[in-house]
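K.L.:
I would like the atomic coordinates for the input below:
(chains A and B)
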Amino acid sequence: MSAAQSSWKEWVFTTDHKRIGVMYLVGSLAAFAVAGTMALLIRIEQSQLGPNLVGDAFTGGDTYNTWLYFHGAAMILAFLIPGLTGYFANYFIPLMIGANDVAFPRINAFSVWLFFVAIVLALAGFVIPDTPDIMWTGYPPYSVMTSANTSFYVFTVHLLGFSSILGAVNFLVTVVYMRAPGMGWNQLNVFVWTTVAAFVIQLIFIPVLAAAVTMLLFDKYLGTHFFDPAAGGDVLLYQNLFWFYSHPAVYVIFLPAMGVLFEVIAGMAKNRIFNYKACVYGGVWGITLLAGEVWVHHLYVAGMPDWIRVGQMVSTLLISVPVGLMVMSMWGTLYRGAITYNTAMLYAGSCLFLVLIGGLTGIPLAMTSMTVHLSETAFVHAHFHYVMAIFATFAIFSGVYYWFPKISGRMPNEKMGKLGFLINFVGVNVTFWPLFIIGIQGMPRRYWDYQMFPQFEGYHQIAFYGAVIVAVGMAITILNWLFSAIGGEKAPENPWNSASLEWTHCPSPPGPGNFPKDVELTADWTPYNYDKR
Amino acid sequence: MKGRLSALTGIAIALMATGAVASEGGLPNPAADWDVLWNKVLWDLVVIGAIFGIAALIMLFKYRATSPDQVGRGPKLSRAQALAWALIPATIFMADDFFMAAKGWTLWNTYRTVPENAMEVKVTGSMWNWEFEYENGIISTYDVDSKEGSGLVVPVGTPVVLRMESIDVIHSFGMATYRVKEDVMPGRITYIWFNPVEAKESWVTCVEFCGTRHSYMYAPVKAVPPAQYEAWVKKMESEA
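P.N.:
You can find the predicted model right below:
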């Protein structure tokens, strides 16, 4: 790449899906760094009884609560969702389907800039005097009554929502209309399927979230009473609307993360996807179909009518069926494979165990009567961190390593990569297992002090050491990416000998227009055709 | 930790125990039922986790490439095989789901069915305080800073139903010892009940985020022998 080509204007005004993808990656990793710093502060604060970093017992909570807010909001809204549906989808969907770009490149550029404005707006919350303290969930009446700012949160959600809706329309049109000649639906990469499903979910459910936070804004600043029971409003309406989007949002993260893992595992095991159709039509679309019928499990102890609590216990438990089908396919893809271990495959392999821990601990939480005790404890905290934070983040890291040669043209340093992986893997488990244990014993969530439960101090200390270990692993990982991108060994065109289009038909990194020659595929081509080549 | 391990070894007993565990008075005890069901669920998780975990370990180890040119030889499934590999696991997962749902529903009914002789206490949550009002008009609170006040005092052997409301934001009334919690909201009344079968001092904590002093919104829950309870009631009445 010549110096002129990489001038800043080329990036700011770009409509190239690959550059837009890289911009999403940079933005989401910046958000990840912020969220990680907050996590470390939270762990330090909890590591000892009594005020630690924050002031005194009377006002210290306010500082701590803003950390919780930024940690949650940045992780979910600015790292996980944009990382998976922004970076991976942008960079690889057109390459995987043999398209020159997305259907609407300028709208795509608009999406990424909305995302950046949203991140700036969210971070501006740090510097205003009334820093938001409303958690990433923003439940009223607290979010309406608090003297802290709510509007930055609402406008951030609006901007990210617009960005995601535009992205969703763009990619759905791209996949439907721009596949290479000869590419049938059953020849798509699993990653493409999972991302398409994630965009369908975004398109259906984001407007509900946007409505919910808009009503919040009106209640707080314009004097309406949507959520104020004293004036005839409904105190639970917000939670229903919020989770009607935000539970499906878990699958917006989970599905593309699984998709990335399928690509890495199939590519590194040189194997076809086991039972592809069951995985796609049963697994991916089964999850999508059930996504909108399970939100009440976030309100099991919120005084909802019994019939809906029991009804959604059944629908929530049934999620295990499509997830199970995807798991069967993922395990089956290892069967009789020829696995080569690089850093990407180590992350992917560890995800097989992380998804088990995260998924299985969801079973008691799906049961209303079990949740009566476990809800809002550190058990829930540990459960969703295994699924969302650890599993999804490890899947993202796996994908970043796997496609590193593709986007940078250079090989990642495997020694540093593997070292970073080992440290991260140890660190996350040291951090979150203690939280399962004290969660079962009743440690509440979102506490910065726990006077009434001094017996949990030791567990919090262990979790703190885990967080420090993770911080070291993350630093090694991010530095490794930076150094490898600048000075890594030059990568061959297809270093992992993958059969997928993004490796076989275009250079690393691909130039404008992606493919030197138009892609045409035969009827027996699949991205996983290893034993036919 | 030790208790849970020994509970693990008691799998046979746990699996055979069906229905509710009755306390001495013949009344159900949701907290004990919760522990029984937890052991069953834990076994379910451990067995499923072990099957998939060990399978993954074996395959990750066994199917390493022996040469760089080697490719995978994963089976190409016929239509019948593909259907079988989808429907049989799906049926097994679904059976386990319905089994869990049935067990969960049974316990849920115990949680939601208040015994007829239950003593009623009105709970009011506010930022950041719990207030307990008894049927005879006694009001009890607890100050976390001065540690003054008795919190919720109940007699052993009598089931207690709490009718709960908040005067400001949403709180949640969580008693880990009695394995129960429910949100406390403005504008609607929610309830939970519990059965204090033995004399014990424990805590109620607020478990729904409610602002600055959320971490300090707790109070003692004292289950005391009936005679001691009567004495406490008399004392409170004379102070009032």
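K.L.:
use CA for all of it now, contacts and neighbours both
P.N.:
Noted.
K.L.:
distance of residue B:112 relative to chain A?
P.N.:
9 Å (C-alpha to the nearest C-alpha, to the nearest Å).
K.L.:
ok, that residue touching residue B:194?
P.N.:
No: counting by C-alpha atoms under 8 Å, residue B:112 stays clear of residue B:194, with 10.2 Å between them.
K.L.:
compare neighbour counts for those two and give me the winner.
P.N.:
Shown here are residue B:112 and residue B:194; by other C-alpha atoms under 10 Å in any protein chain shown, residue B:194 has more neighbours (22 against 14).
K.L.:
which residues touch the more buried one?
P.N.:
Residue B:194 makes contact with B:29-31, B:159-161, B:178, B:180, according to C-alpha atoms under 8 Å, 6 or more residues apart in numbering or on different chains.
K.L.:
pick the one among these closest to chain A.
P.N.:
Within the contacts of residue B:194, the smallest distance to chain A is 5.0 Å, found for residue B:180 (C-alpha to the nearest C-alpha).
K.L.:
which residues sit in contact with the closest one?
P.N.:
A:372-373, B:31, B:174, B:192, B:194.
K.L.:
neighbour-wise, which of those leads?
P.N.:
Scoring the contacts of residue B:180 on neighbours with other C-alpha under 10 Å, the highest-scoring entry is residue B:174 at 29 neighbours.
K.L.:
that residue looks like it's in a helix, true?
P.N.:
No: checked against DSSP: H, G, I helix; E, B strand; the rest coil, residue B:174 lies outside a helix; its state is strand.
K.L.:
counting neighbours, what do you get for residue B:204?
P.N.:
23.
K.L.:
and for residue B:27?
P.N.:
16.
K.L.:
what sits against it?
P.N.:
Residue B:27 is in contact with residue B:115, counting by C-alpha under 8 Å, 6+ apart.
K.L.:
which one of the contacts of residue B:180 is nearest residue A:100?
P.N.:
Closest approach to residue A:100 among these (C-alpha to C-alpha): residue A:372, at 52.2 Å.
K.L.:
and the helix or strand hosting the closest one, what does it pack onto?
P.N.:
According to DSSP states H and E, residue A:372 maps onto helix A:368-374. Applying 3 or more C-alpha pairs under 8 Å, 6 or more residues apart in numbering or on different chains; DSSP states H and E, we find helix A:368-374 packed against helix A:306-318, helix A:362-366, helix B:30-62, helix B:79-112, strand B:180-184.
K.L.:
can you tell me the closest non-neighbouring residue to the residue most central in space within chain B?
P.N.:
Nearest to the mean C-alpha position of chain B, counting by C-alpha atoms, centre = their mean, stands residue B:179 at 3.6 Å. Counting by C-alpha to C-alpha, 6 or more residues apart in numbering or on different chains, residue A:373 is the residue found nearest to residue B:179 once chain neighbours are left out, at 4.6 Å.
K.L.:
try residue A:106
P.N.:
residue A:15 (5.6 Å).
K.L.:
what is the least confident helix or strand in chain B?
P.N.:
Lowest by mean pLDDT, DSSP states H and E among the helices and strands of chain B is helix B:11-16, with a mean of 38.
K.L.:
need the contact list for the closest residue to chain B within the stretch 51-200 of chain A.
P.N.:
The stretch 51-200 of chain A approaches chain B most closely through residue A:61 (4.6 Å), counting by C-alpha to the nearest C-alpha. When contacts are counted by C-alpha under 8 Å, 6+ apart, residue A:61 touches A:54, A:448, B:211-215.
K.L.:
do residue A:184 as well
P.N.:
Contacts of residue A:184 by C-alpha under 8 Å, 6+ apart: none found.
K.L.:
repeat for residue A:260
P.N.:
Under the criterion of C-alpha under 8 Å, 6+ apart, the contact list for residue A:260 reads A:191, A:395-396, A:398-399.
K.L.:
filter these down to the ones in helices?
P.N.:
Residues of those located in helices (DSSP state H): A:191, A:395-396, A:398-399.
K.L.:
so which of these reach chain B?
P.N.:
Among these, none lies close to chain B by the criterion of C-alpha under 8 Å from any C-alpha of the partner chain.
K.L.:
give me the below-cutoff pLDDT ranges for the chain.
P.N.:
Reading this off chain A. Low-confidence segments of chain A, defined by pLDDT under 70: A:1-6, A:533.
K.L.:
my question was about chain B, not that one.
P.N.:
B:1-25.
K.L.:
domains in it, by residue range?
P.N.:
With domains defined by automatic domain parsing, chain B comprises B:2-64+B:82-112, B:119-239.
K.L.:
in a markdown table, list the ones you listed along with distance to residue A:223.
P.N.:
As requested, those are exported to a markdown table (distance: least, C-alpha to C-alpha, whole Å):
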| stretch | distance to residue A:223 |
| --- | --- |
| domain B:2-64+B:82-112 | 37 |
| domain B:119-239 | 17 |
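K.L.:
out of those domains, deepest packed?
P.N.:
Among these, ranked by average contacts under mean count of other C-alpha atoms under 10 Å in any protein chain shown, first place goes to domain B:119-239 (a mean of 20).
K.L.:
can you give the distance of that one from its chain's centre?
P.N.:
The chain centroid and the centroid of domain B:119-239 are separated by 17 Å, computed with C-alpha atoms, centre = their mean, to the nearest Å.
K.L.:
next one: stretch A:263-274
P.N.:
How far stretch A:263-274 lies from its chain's middle: 22 Å, per C-alpha atoms, centre = their mean.
K.L.:
beyond the helix holding residue A:372, next helix or strand please.
P.N.:
Going down the chain from helix A:368-374, the next helix or strand is helix A:378-384, by DSSP H and E.
K.L.:
and that next one with chain B, contact?
P.N.:
No: legend: contact between helix A:378-384 and chain B by C-alpha under 8 Å from any C-alpha is lacking; minimum distance shown is 10.6 Å.
K.L.:
for that helix, packing partners?
P.N.:
If contacts are counted by 3+ C-alpha pairs under 8 Å, 6+ apart, helix A:378-384 sits against helix A:343-360, helix A:414-440.
K.L.:
mind listing residues that contact the first one?
P.N.:
Put plainly, it is helix A:343-360. Helix A:343-360 has contacts (C-alpha under 8 Å, 6+ apart) with A:261, A:264-265, A:268, A:383-387, A:390-391, A:394-395, A:397-402, A:414, A:417-418, A:421, A:425, B:45, B:49, B:52-53, B:56, B:60.
K.L.:
tally of neighbours for residue A:185?
P.N.:
Residue A:185 has 11 nearby residues by other C-alpha under 10 Å.
K.L.:
ok, it to residue A:272 distance?
P.N.:
16 Å (C-alpha to C-alpha, to the nearest Å).
K.L.:
nearest residue to the residue nearest the centre of chain A other than its sequence neighbours?
P.N.:
Of all residues in chain A, the one closest to the mean position by C-alpha atoms, centre = their mean is residue A:80, 2.7 Å from it. What sits nearest to residue A:80 in space, not counting adjacent residues and going by C-alpha to C-alpha, 6+ apart, is residue A:253, at 6.4 Å.
K.L.:
the one you found touches residue A:82, doesn't it?
P.N.:
No: look at residue A:253 against residue A:82 with C-alpha under 8 Å: they stay out of range, at 9.2 Å.
K.L.:
now do the contacts for residue B:117.
P.N.:
So residue B:117 contacts B:158-159 (C-alpha under 8 Å, 6+ apart).
K.L.:
scratch that, residue A:453
P.N.:
Residue A:453 touches residue A:443, counting by C-alpha under 8 Å, 6+ apart.
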